[in-house]
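Participant: Fold the following and give me the result.
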Amino acid sequence: MSGRQAGVLLLAVLLAGCASAPPGAGGGAVGEAGAAATPASASQLLVLMDPAPARIWQGYSAEIAGEYRLEQLAAWTVGSLDNTPCVIYQALPGRDIRQLVHRLAADPRVSVAQPVQRFRLLGEEQPKGAYN
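Facilitator: As a prediction, the model looks like this:
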């Protein structure tokens, strides 16, 4: 794996925690690390593409949504990674996310594909202004 691919993969892992359904969109089961995985993100996918002009990657994003029957929820470029496009998709209910990730990862328009994973920490709520 090249340094760039490793960097893109690391970014994907980091972004996965930030990109998912809105807060409060479902409960979760507590994991070993003391965090709760939110099922609302269970049918969401994160896709990174190679940097390209906006009209090109946005076109690819629309094509991918149509071909794989996905709904695009969000899309942006990551400036710190040469403006790598990042897209979050929602799969239709009942779709096999692992199979979709496998198929998307093989798509030449996609550099990284993975399920979105969202976690919330289980701890005491801090008083307002505690960190000001």
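
Participant: Next, work out how far apart residue 73 and residue 43 are.
Facilitator: 11 Å (CB to CB, to the nearest Å). For every residue, glycine as well, the C-beta is placed using N, CA and C.

Participant: Pull the number of nearby residues for the closest residue to residue 69 other than its chain neighbours.
Facilitator: Closest residue to residue 69 apart from its sequence neighbours, by CB to CB, 6 or more residues apart in numbering: residue 92 at 5.8 Å. Counted by other CB atoms under 10 Å, the residues lying close to residue 92 total 11.

Participant: what do you get for residue 65?
Facilitator: Residue 65, neighbours per other CB under 10 Å, totals 16.

Participant: Just checking, which helix or strand succeeds the helix or strand where it lies along the chain?
Facilitator: Assigned by DSSP states H and E, residue 65 belongs to helix 54-67. Next along the chain after helix 54-67, taking DSSP H and E as the criterion, comes strand 70-78.

Participant: Pairing partners for whichever helix or strand comes after that next one, with directions?
Facilitator: Using DSSP H and E, the helix or strand that follows strand 70-78 towards the C-terminus is strand 84-91. Strand 84-91 pairs in its sheet with strand 44-48 (antiparallel), strand 70-78 (antiparallel), by DSSP bridges.

Participant: now those strands in JSON lines, with mean neighbour count?
Facilitator: Listed next are those as JSON lines, based on neighbours: other CB atoms under 10 Å:
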{"stretch": "strand 44-48", "mean neighbour count": "25"}
{"stretch": "strand 70-78", "mean neighbour count": "16"}
